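K.L.:
Structure for this input, please:
(2 chains)
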Protein chains: 2
Amino acid sequence: MNTTDDGPRDHAGMEVLGFAECLDLAASRPVGRVAFIQDGDVQILPVNHCVHESGVAFRTADGSKLGAAMDGAVVAFEVDDIDDEHHTGWSVLIKGRADLVTDETLVARLSATAARPWSDRVPRSNWVAIHPDTVTGRRI
Amino acid sequence: MNTTDDGPRDHAGMEVLGFAECLDLAASRPVGRVAFIQDGDVQILPVNHCVHESGVAFRTADGSKLGAAMDGAVVAFEVDDIDDEHHTGWSVLIKGRADLVTDETLVARLSATAARPWSDRVPRSNWVAIHPDTVTGRRI
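P.N.:
Predicted coordinates for the structure are as follows:
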């Protein structure tokens, strides 16, 4: 199917996606990548995520340096789905403050979702939620 | 095929990949994501890349703010291939200084590779090369 949409385009000619579509697309893929600053260095890691109250959440290992580095920090989260062969696809970028989820009710609700951790071998009882300041997306 | 390898594992039980395997895997996927700091904010963007002299390189728009933000900065580059259904896959992380490629011979060599830009609609005559300080990878 050729996308012959009439949506807005950016300076590079890519279709600009709306907020709701960005979140729908982000929810359609289980794996995203979170980028953050740890000890002055840029880090980027794949995580299994779920979309939650207009943001995203993912599990991290209990007591991990990772969770500590992200707690309260502004992070960037990216999800994409790109067809190498046909050179089509989309990318969604969510930026905002990350927080360790401490509310037990919310932890239980998130844990009931399908977001499996990237590795099952360590307990991952902590959830990190990203509260978006910006949600942007592009389709080619 | 079940991976019953005997390679080293990290604290999370994931197989630790060697340098050469990381680069081979990075070369096996055309799209990666680069994370960097721009105006104090963490940014993350998908790029079509190629592996080049033990590092990676990708195109960026001529004169873009992006290229300027990355030139001389330490960036993180991630490539992965994750099978959602079987919950298997790998992720490779390359960290190091990014530089705009100014050597014309190298630009010509890179341009002859298969690394297509994410969007064809703007000229992308600039290449950014990442000179790795660390190359790490994990397989689950």
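K.L.:
How about the residues of chain A by chain B?
P.N.:
Residues of chain A lying near chain B by C-beta under 8 Å from any C-beta of the partner chain: A:11-14, A:29-31, A:33, A:35-37, A:41-46, A:61, A:74-78, A:80, A:82, A:84, A:87, A:91, A:93, A:95, A:116, A:118-122, A:140. To be clear about C-beta, it is placed using only N, CA and C from the backbone, and glycine gets the same treatment.
K.L.:
Restricted to helices, list those residues.
P.N.:
The helices, defined by DSSP state H, take in nothing from the residues of chain A next to chain B.
K.L.:
and those, which are buried?
P.N.:
A:12, A:14, A:29-31, A:33, A:35-37, A:42-46, A:61, A:74-78, A:80, A:82, A:91, A:93, A:95, A:118-119, A:122, A:140 (16 or more other C-beta atoms under 10 Å in any protein chain shown).
K.L.:
Tell me which stretches of chain A form strands.
P.N.:
A:15-17, A:31-38, A:41-52, A:55-60, A:74-83, A:88-100, A:126-139 (DSSP state E).
K.L.:
Let me have those strands in CSV, adding mean pLDDT as columns.
P.N.:
What follows is those, written out as CSV (pLDDT from 0 to 100):
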stretch, mean pLDDT
strand A:15-17, 94
strand A:31-38, 92
strand A:41-52, 90
strand A:55-60, 88
strand A:74-83, 93
strand A:88-100, 94
strand A:126-139, 93
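K.L.:
Any chance of these in a markdown table with distance to B:S111 as columns?
P.N.:
Formatted as a markdown table, those follow (distance: least, C-beta to C-beta, whole Å):
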| stretch | distance to B:S111 |
| --- | --- |
| strand A:15-17 | 26 |
| strand A:31-38 | 27 |
| strand A:41-52 | 26 |
| strand A:55-60 | 36 |
| strand A:74-83 | 21 |
| strand A:88-100 | 22 |
| strand A:126-139 | 24 |
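K.L.:
For A:E85, the count of nearby residues, please.
P.N.:
By other C-beta atoms under 10 Å in any protein chain shown, 6 other residues sit near A:E85.
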